[in-house]
Each structure stands twice: as structure tokens, then as C-alpha cells.
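J.: Quick one: sequence plus predicted model below, questions after.
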Amino acid sequence: MADENRAEIVGTPALDGTYIAEMDMWPLECQEFNRLYPFYDNLREGKFTTTKCKKCGYVAFPPGVICPKCWQDELEWVELPKKAKISTFTETQAGAPIGFPPPIIMAWLDFGEGSPVKRMLGRIINCKEGELKEGDEVKIVVFDIPSHPIEVKRETKICDRVFYAFERVK
Ligand SMILES: [Zn+2]
């Protein structure tokens, strides 16, 4: 098998270096497949962004291609704060999906009054069980996720992918 047909899934030893696209839970991020590709391009540059409606001013998260308030599609990209405070959280110890070593920590993040998005649900990484506390400050972390070959205009290419989570500010 050629090298480009193999990719690694982090934390999924059962798959042993093979890639099963049906089990891929991450979005295709390149321009040919995803109208929200600027979100991922911005992440790659270290910017955390979302879409704002040019007509009514509503800021949505996650970003979208139409405004959920007034249903029009003239949107612009705005930057969000990179830090937030933990409002409340859950830690999952058992039954985590394949490729996600426990604990899986999901938190309501408080971005403060000055932010265009006040609160959102986010994943906390690089944190041991029992370590996180309400009120802790967290910052965004951008990390690489596995990619796999896809057909783009009859050519096979691999689009690099990233995603984000949050970690404690120490
Ligand atoms: Zn709107």
C-alpha cells in the first residue's frame, strides 16, 4: 500500500495504522468540501473566530453559513477571546469513544462580558481527573488531527487538518 493511503489515528491502536473513513468524526476542512474552511485556516494561524451577521449583528457559535436569527447569508468573520473561565464541567471516565482516552472533560466556558460570544461548551485537554476546578482559567489549544486521501477534481490529495480544545492556564 502506498504511503499516502495510510494515516495514523492517534489513540486507536486497534486500527494499527489503517484509516477507516467511516469512523472519522472530524470535519473535512479544505475549501472544496467545507464552506466554513476559513474557521480552520484561522485556527492554523492561531486565531479563534466565528461568523457575525452583517445585517442584524448576531454572532453565532459554532460559525455558520447563514444567520440563525434573520436567515440571510452575508456574514463576516470576527475574532473570539482565546481565554475563558470554567463555569461548570463534567468528566467522563468510562465509555469514551474510540480514540479519546479518558477523562473526557466538557466544560461550559465563560468568555466574559466583552466577548461577542459569552458562553460556549468546550472540551478540556491536558488535564488529569480531578484536577480542574470551577473558576479556573483556560486557553485555546490548536492541534493536528489525522487526515486521509480524498478525491479533489480527480486528483488524490491529503488536506491537513486541525481542531481545537482548551487547557488550563497554569
Ligand atoms: Zn442576522
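T.: On my side now, so go ahead.
J.: which other residues reach the lowest-mean-pLDDT helix or strand in the chain?
T.: Least confident helix or strand, the chain: strand 149-152 with a mean of 79, by mean pLDDT, DSSP states H and E. Contact partners of strand 149-152, identified using Cβ atoms under 8 Å, 6 or more residues apart in numbering, comprise 4-5, 28, 30, 32-33, 156-159. The way it works is simple: take the backbone N, C-alpha and C, and place the C-beta from them, glycine included.
J.: And stretch 59-68, by the same measure?
T.: By Cβ under 8 Å, 6+ apart, stretch 59-68 touches 35-36, 39, 49-53, 55-56, 58, 72-73, 75, 77-78, 80, 116-117, 120.
J.: same question, stretch 41-58
T.: Against stretch 41-58 from outside (Cβ under 8 Å, 6+ apart): 38-39, 59-65, 67-70, 72, 74-82, 116-117, 140, 142, 162-164.
J.: Just the buried residues of those residues.
T.: When these are checked for burial by 16 or more other Cβ atoms under 10 Å, the buried set is 39, 59-61, 63, 67, 75, 80, 82, 116-117, 140, 142, 163-164.
J.: residues touching the closest residue to D144 other than its chain neighbours, list them.
T.: Distances taken as Cβ to Cβ, 6 or more residues apart in numbering place V162 nearest to D144, at 5.8 Å, with adjacent residues excluded. By Cβ under 8 Å, 6+ apart, the residues touching V162 are 29, 40, 43-44, 142-145.
J.: Up against the ion, what does this structure have?
T.: 53, 55-56, 58, 67, 69-70 (Cβ under 5 Å from the ion).
J.: want to throw the residues you listed into a markdown table with distance to I105?
T.: Formatted as a markdown table, these follow (distance: Cβ to Cβ, whole Å):
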| residue | distance to I105 |
| --- | --- |
| C53 | 32 |
| K55 | 37 |
| C56 | 34 |
| Y58 | 29 |
| C67 | 31 |
| K69 | 31 |
| C70 | 35 |
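J.: Show me these that map onto strands.
T.: Using DSSP state E, the subset of the residues of the chain next to the ion located in strands is C53.
J.: got the residues of the chain next to the ion as CSV, with pLDDT and distance to T92 columns?
T.: Output for those, formatted as CSV (pLDDT from 0 to 100; distance: Cβ to Cβ, whole Å):
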residue, pLDDT, distance to T92
C53, 98, 34
K55, 98, 40
C56, 98, 37
Y58, 97, 32
C67, 97, 33
K69, 97, 33
C70, 98, 37
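J.: quick one: the helices in the protein?
T.: Using DSSP state H, the helices assigned to the chain run over residues 37-44.
J.: beta partners of I124?
T.: Beta bridges link I124 to I105, F166 when assigned by DSSP bridges.
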